[in-house]
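In: Task: produce atomic coordinates for the following.
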Amino acid sequence: MSSPVASKKRRISPLDSGTSNSVSLPEEFENTAGKVIKVTLINFLNHAHLTINCSPNLNLIFGRNGQGKSAIVQGIALCFGGSGHSVGRDANLNHYIKDYHLQNGPNFARVELQLSNQGMNSYQPETYGDVIILTRTIYKNSSCYAISGLMSKKNNIDRRTLAQYLRHVKINVSNPTTYMDQEMCKSFFFQSSAHSFYKYYSAAAGLDQMEEKINAEKNNLEVCKAELKIRKRVLQPDRENIENLSKQIISLEENLKELKQAKESYRLALYKVEKDKYNVAKERYDKFVENDPRNEIKELEDQITSLTDLSLTVKSQIQELIDQSTEHKDKIRNISDNLSVSEESINEFVHAFLLFVTHRIKSSMLALHSNISQIEIQLNKMDSEDKPAEPETKREIVQLKEELENVTKEYDQLHNRHQSLFSELSNLEKQKLGIENQMSEVQADLDELKRENDVILQSLNTNDRIETNRKFLYKYDPSSVRRAISKAKSSKVFIHEPIGPIGEYLKTIPTVPSWKVLPIIERHLKRVILVWLVATETDRAALEKILVSEGCDPNNVKIMKTSFFHTNLDLSSNVEKELAKSKFQSVLYKYLAVNEIPQVLLNIMIELFNISKTAICKDEKELFDVLNNNGLNITAAYTLNNADFGKRVNGSLFFSPSYDRNPHVYRYVRYSGGAKMDHTNEFNERLAQGRERENVLRTSSREITKKLKNNTTQILVLKSKINTIKNEKTNLLKTKTRLESDLSNEIIIDSMTLLNSNNKYNNSNTIKEKYTEQLADLNKKMEDYENQLTSVFNDKKRHESAMKETQIGLNTILKQISEKKIEFQNTQNQINSNKSKIRKLSENIRKYNSILDDHLKEIKELSQRINKYEHEFNEDGIEYTDNVPTKKPEEYLRIVDSSRLVVANLAKGSDGVEQHLSELKDKRLSAEESLRDKELRLQETQKNYSDQKINYTNRCKRFDEYRSRMEQLAKVVFKRTLEMVCGYDGSLIFNDVNRTLDIHIHNKQQSYSKAHVARDLKTLSGGEQSSIQLSMIHSLASLAFSPIHLFDEIDVYMDESTRSKNINAIIQFASNNRDRQLFLLTPHMEFAKHIAEMYPDITKIFNVSKQQN
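Out: All right, here's what the predicted structure looks like:
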């Protein structure tokens, strides 16, 4: 690797890119995504300007301590979204700026990464090209990210966009397999536990995200189940309501039918009387009539009758055709709905299955192909292990054991002392936490008290400006308007005296805190408190005229017309009865002085604003309890402490907090009947009590602060002692680690054996066959999804064909309707023409002689009355030729009166019987539609619940299978790697219930018993821990792919022998997995150069000692 080029001595702008404009993808980075091509550090830690060209496989960074090795990988981790603390240094980002403490030092630091972006895992290549340039600029008070590419300019991005890119290329710096800083490398097992190991494993295998999705689906399943119960419960009242309405309709229709028959009989009886008179007169007239010209009129009348019958027939045919067209339209509407459902199903299937599921299946297939290829590579590259070294003399082993025993005893004594001090420190910190909680409670009380005092002071300051405020609020003088209404009332301008504004009439009962209830009334009624109530449109016009004359803006006139003026309905009595039976009495109705509020206004507030079902609770807890209790029949609720609001709609709760600084300030509801309310004494008394309470709280606060200060001093002293003991323990631990490493090397050299190559080969073949079977199953699933999509498209084509045929039928029927209407119009024209001829003949008829004049006049009068009856009968469809009544008209009239009285009683005093029947039918139709909608929603909910339950069960099953496979894979890789690097037998113990991962290590030189199995890894030597740590990282890395791995001095506790084996294992991993990029930091220059000479094709080295800043 070439050494970095020294930059010119100039002040660098934070907006400079730091890279050349001509950026291209190197040949060795082709078909890769997420690998680091170049790293540029500007003003970062102890680097003024550093540039590193990286290898796509293995990068070794060496140099003496303090020269900036860790700064390189820390800059990379920060650029990948890491925080200051998570990358292993100070939590304050401004401390990463070089010479940040100097007055004239740089004011920013920047890390710039050139990342490869080619191949299957590339991120938006059409936007960024083959290279993505990711930049993080750190200022003294903030930091920002930017992204650019070969095909796009530099744009600032947020953390969400950065996280989206990192998820796509599978980089997670919080995973120790991706980034392990120097502190974690040194104390991996001291800072970790069985739970944290399991968390690392879960994150590496992707189990944590899968569990989040499964838990979310479980919650959705519970919500769907609860909704299903609610929908089933609400159907029964609707069915009972429909049954009651049907009974009322049937009873009313039967009585209406009897009334109609009685009316028809009465009219037929009158018709019979007139007909008998006409027959007698006709007989007298026929004796004197010969060749009467009115015979022609009779023929024309017959033609009119026949034409009338024909028109009725045509009209009925038109109606039948209209009914058929309606049926076709309904059919078209149903088919359209089916088409919409099919299209929605296609869209959902395509997006939810083809785009998501298919992508997951293809990803799984690619992963399986990759696993099969890796297994084949392992089968081809199996080599024999290095021969064990010759053992040392037994005398040296005994001497090392004695020294190790002495150091261990001294270390145990320090450890016991450290534990006792740490226990004392824990007790002091618990005391500190309790004191801080007391401080928080006292401060919360002070804040609440201050807010209440502000409300009181504001109320006192505004109490003297009430009249002025009234005019300002209403934009007119309400008192002047009411005086004008009183004057107009004597002139009978108003039918009913208007009521308003509503806020002027509202008043609370004396026993409640009005300063807390009145703001709730304003929030509940909202702008309605400005409204005037009138009875008729005449009253509205008169009131509007008065308001405009008093200075009110015509566009801001707020008037509501209500029918409660015309009724004597008293809803308050029903409310009192309901509240007497209720277990919860704290409702808005109970807080109002209902006896002093006009009945009309009270009825409106009960009917429209549900003041009898609106609760006033002490706090948020009581609010949630009341709304969750369906038996209390509460639909909305407020709290007295903060005026928060909550309501229940369709079984769901909605909560709206009050964000007002002073939630108990009210403006409109101040008066009752125009009288000014003086609360000065009440406000002063409350203010004095609040100040006394404030003094008590402040005294308590000072005492608690003093306790907290003493506690903090004791904690600092103990921490100083603990740090001293920690330093002594560290020195002993180094000595112990060195002795254990020497002793372990002597023992390991005697016990190492060759690995069994035949067993490795058989296991690899078994895994390969298993992956092949999984690949075949995934191919079969892909075919099933494609067949389902084809079926949905076929259903859509079938619905479209049915739609086309139905539309053709509808067009044919509409054409027939048009033809029949033309025929009906022609018939009406003929009837009108004949009537015109009759009128002309009637005008031209001359009286034949004076004898027939009287008879003719009588016959004409009788004929006109009979024709009138017959015409009415024809229009009403009454058969009058064969239906001859047997009673006199007077008898039928009495029957009609009695039937009308019965129907009126059934109509319950409505304006019209037919209107009442129509209203009942409308109510029943609305109830039936509501019931159908609820039943449809119930069916949909049942289907959704069933589908979700099946999906949840299948997902849990697949999750368990996948977790078992990942655990088995992790165990195999860990066991194989540990045996290769140190010859130990190790196992991973997974506990999925307690979510722990324990590591058991056994030295093969010792007997296989529980006593010789190491479960506490902190008791092992540094070399053993390093080997186990490497095996653990290798195991986690095998579960999930990451294009980059960063390790900062992972060989810190390794001696030469251990370091050689462990690093060789890492190099072998890098050689076998060339799709991954590794960064290794080490202070051992000779070791780094040795590796570069052994693996020149995959390795680049960088010496930070040669950098020029």
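In: tally of neighbours for residue 31?
Out: Residue 31 has 12 neighbours, counted by other Cβ atoms under 10 Å. Every C-beta, even on glycine, is put in place using the N, C-alpha and C of the backbone.
In: which residue sits closest to it, ignoring its sequence neighbours?
Out: Ranked by Cβ to Cβ, 6 or more residues apart in numbering and with sequence neighbours excluded, the top spatial neighbour of residue 31 is residue 119, at 4.2 Å.
In: domains of the chain?
Out: Listed domain ranges for the chain are 27-192+1017-1103, 308-382+764-837 (source: the TED database).
In: Lowest average confidence across these, which one?
Out: Per-stretch averages of pLDDT across the domains of the chain put domain 308-382+764-837 at the bottom, with a mean of 69.
In: Which of the domains of the chain sits closest to residue 429?
Out: Nearest of the domains of the chain to residue 429, taken as Cβ to Cβ: domain 27-192+1017-1103 at 19.2 Å.
In: circling back to that earlier point, backbone torsions only: list them for the residue nearest to residue 31.
Out: When quoted as degrees, to the nearest 10, the phi and psi of residue 119 stand at phi 100, psi -170.
In: now swap in residue 561 and tell me
Out: According to degrees, to the nearest 10, residue 561 has phi -90, psi 130.
In: count of residues packed around it?
Out: Applying other Cβ under 10 Å, we find 13 other residues in the vicinity of residue 561.
In: that older thread, who touches the residue nearest to residue 31 in this structure?
Out: 30-33 (Cβ atoms under 8 Å, 6 or more residues apart in numbering).
In: follow-up on the earlier one: would you list the domains of the chain in TSV and tack on distance to residue 961?
Out: Shown next, in TSV, are those (distance: least, Cβ to Cβ, whole Å):
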stretch	distance to residue 961
domain 27-192+1017-1103	15
domain 308-382+764-837	10
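In: most tightly surrounded among those domains?
Out: For the domains of the chain, average neighbour numbers computed from mean count of other Cβ atoms under 10 Å are highest in domain 27-192+1017-1103, which has a mean of 19.
In: Do you have the helices of the stretch 401-550 of the chain handy? List them.
Out: 466-474, 478-490, 514-525, 537-549 (DSSP state H, counting those that start in this stretch).
In: between the ones you listed, which one is nearest to residue 230?
Out: That would be helix 514-525 among the helices of the stretch 401-550 of the chain, by Cβ to Cβ, at 26.3 Å.
In: For the closest one, the averaged confidence score.
Out: Taken as a whole, helix 514-525 has a mean pLDDT of 78.
In: Which secondary structure elements does it sit against?
Out: Applying 3 or more Cβ pairs under 8 Å, 6 or more residues apart in numbering; DSSP states H and E, one finds that helix 514-525 makes contact with helix 394-462, helix 588-591, helix 599-609, strand 614-617, strand 636-639.
In: and among the ones you listed, the most buried is which?
Out: By mean count of other Cβ under 10 Å, those have strand 636-639 as the most buried, with a mean of 24.
In: Distance from that one to the middle of the chain?
Out: 24 Å (Cα atoms, centre = their mean, to the nearest Å).
In: Given that strand, what are its sheet partners and their directions?
Out: strand 614-617 (parallel), strand 645-649 (antiparallel) (DSSP bridges).
In: can you redo the ones you listed as a markdown table with mean pLDDT and distance to residue 335?
Out: Below are these laid out as a markdown table (pLDDT from 0 to 100; distance: least, Cβ to Cβ, whole Å):
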| stretch | mean pLDDT | distance to residue 335 |
| --- | --- | --- |
| strand 614-617 | 87 | 47 |
| strand 645-649 | 69 | 34 |
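In: can you tell me which of those comes nearest to residue 817?
Out: Shortest distance between residue 817 and the strands paired with strand 636-639, using Cβ to Cβ, is found for strand 645-649: 46.0 Å.
In: just the strands in the stretch 601-750 of the chain please.
Out: 614-617, 636-639, 645-649, 652-656, 671-672, 675-676 (DSSP state E, counting those that start in this stretch).
In: picking up where we left off before, and the helices of the stretch 401-550 of the chain: which comes nearest residue 104?
Out: Among these, helix 514-525 comes nearest to residue 104, with 57.7 Å by Cβ to Cβ.
In: relative orientation of that closest one and helix 599-609 in degrees?
Out: In terms of direction (axes from the mean of the first three to the mean of the last three Cα atoms, to 10 degrees), helix 514-525 departs from helix 599-609 by 70 degrees.
In: And helix 514-525, how far out from the chain middle?
Out: Centre to centre, stretch against its chain (Cα atoms, centre = their mean), the figure for helix 514-525 is 32 Å.
In: and if you look at stretch 499-516?
Out: Distance, stretch centre to chain centre, for stretch 499-516: 40 Å (Cα atoms, centre = their mean).
In: can I get the CA coordinates of that stretch in PDB?
Out: What follows is stretch 499-516, C-alpha atoms only, in PDB (Å, rounded to 0.1, in the frame of the first residue of the first chain):
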ATOM      1  CA  ILE A 499     -82.100  32.700  23.300                       C
ATOM      2  CA  GLY A 500     -78.400  33.600  23.100                       C
ATOM      3  CA  PRO A 501     -75.600  33.800  23.100                       C
ATOM      4  CA  ILE A 502     -75.600  30.300  24.700                       C
ATOM      5  CA  GLY A 503     -72.500  31.000  26.800                       C
ATOM      6  CA  GLU A 504     -74.400  33.800  28.600                       C
ATOM      7  CA  TYR A 505     -76.900  31.300  30.000                       C
ATOM      8  CA  LEU A 506     -74.600  28.600  31.400                       C
ATOM      9  CA  LYS A 507     -73.800  28.500  35.100                       C
ATOM     10  CA  THR A 508     -72.400  25.800  37.400                       C
ATOM     11  CA  ILE A 509     -73.800  24.700  40.800                       C
ATOM     12  CA  PRO A 510     -72.200  26.500  43.800                       C
ATOM     13  CA  THR A 511     -70.700  23.300  45.300                       C
ATOM     14  CA  VAL A 512     -68.200  22.600  42.400                       C
ATOM     15  CA  PRO A 513     -65.000  24.400  41.500                       C
ATOM     16  CA  SER A 514     -66.300  26.600  38.700                       C
ATOM     17  CA  TRP A 515     -62.900  27.800  37.600                       C
ATOM     18  CA  LYS A 516     -62.100  24.200  36.600                       C
END
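In: That stretch: which residues count as buried?
Out: For stretch 499-516, a neighbour-count test (16 or more other Cβ atoms under 10 Å) marks 499-508, 512, 514-516 as buried.
In: what's the closest of those to residue 1094?
Out: residue 516 (81.6 Å).
In: if I look at residue 151, how far off is residue 130?
Out: 9 Å (Cβ to Cβ, to the nearest Å).
In: returning to what we had before: can you add distance to residue 1086 and give the buried residues of stretch 499-516 back as CSV?
Out: Formatted as CSV, those follow (distance: Cβ to Cβ, whole Å):
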residue, distance to residue 1086
499, 99
500, 96
501, 93
502, 92
503, 90
504, 95
505, 96
506, 91
507, 94
508, 89
512, 87
514, 87
515, 83
516, 80
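In: ok, those residues vs residue 559, which is closest?
Out: Nearest to residue 559 among these, with distances taken as Cβ to Cβ, is residue 500, at 7.9 Å.
In: Not counting stretch 272-285 itself, show me its contacts.
Out: 852, 855-856, 858-859, 862-863, 865-866, 869, 884-885, 889.
In: Which entries within these meet the buried criterion?
Out: 852, 855-856, 858-859, 862-863, 865-866, 869, 885, 889.
In: so which pair among these is furthest apart in space?
Out: It's 852 and 885 that sit farthest apart of the buried ones among the contacts of stretch 272-285, by Cβ to Cβ, at 32.2 Å.
In: now the helix or strand where residue 74 lies, how far from the chain's geometric center?
Out: Secondary structure assignment for residue 74, by DSSP states H and E: helix 69-79. Centroid separation between helix 69-79 and its chain, computed with Cα atoms, centre = their mean, is 38 Å.
In: go on, stretch 990-1003?
Out: Using Cα atoms, centre = their mean, the offset of stretch 990-1003 from its chain centre is 38 Å.
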